[in-house]
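Student: Here you go, sequence then predicted model.
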Amino acid sequence: MVCKELVDKLHEMQAKDSWERLRLSYLFDNTTKDLKVPKISTFTSFKSKHIKSEEISMETIKKIANFNSFLASGVRRLFCMTAMVNHSGTDCNMHIEFMLPNIVFMFAGRDIQDGEELLIDYVSGTKGKDNRNVKLGRYGITE
């Protein structure tokens, strides 16, 4: 489960900054909402004072943190760009490396076509179907 410190920080951040609230609103919270891939500028441009978005409930923030955070250097962290990458156990075209506690690099494993879904193995290095399914169960996935 996600640590309280991460949830509290996300709640504090989105409560005072509508730009960060907009960024958070794109992340999966395990509902059936229609997920849309945002423009890259949503995560790379500077804040805009003219962004309008609704505040996100604490329950939704907990779900977002649970389904999108990574354990890096013993601490749960949320990296919005890596949260936009989906899982595949067999057809990955990307991989992620945690270089430092707060820095993540995403690398293409092959040429990726414009509009192609970005895929990583959420449980890379985990052997055995049963072991993989236990870990993937956190995301509501089985192989």
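Tutor: Nice, I can see it.
Student: Where does pLDDT dip in this structure?
Tutor: The model of the chain has pLDDT under 70 over residues 1-2, 32-38, 40-52, 101.
Student: care to break it down by domain?
Tutor: What automatic domain parsing lists as the domains of the chain is 1-77, 85-143.
Student: ranking those by burial, who's on top?
Tutor: domain 1-77 (a mean of 14; mean count of other C-beta atoms under 10 Å). C-betas here are computed from N, CA, C, even on glycine.
Student: Give the other helices and strands that the longest helix along the chain contacts.
Tutor: Longest helix in the chain by number of residues (criterion: DSSP state H): helix 4-16. Counting contacts by 3 or more C-beta pairs under 8 Å, 6 or more residues apart in numbering; DSSP states H and E, helix 4-16 packs against helix 18-25, helix 58-68, strand 75-78.
Student: Mind giving me the packing neighbours of the helix or strand that the shortest one is followed by?
Tutor: Same thing as strand 75-78. Toward the C-terminus, strand 75-78 is succeeded by strand 86-87 as the next helix or strand (DSSP states H and E). Secondary structure elements in contact with strand 86-87, counted by 3+ C-beta pairs under 8 Å, 6+ apart, are strand 119-120.
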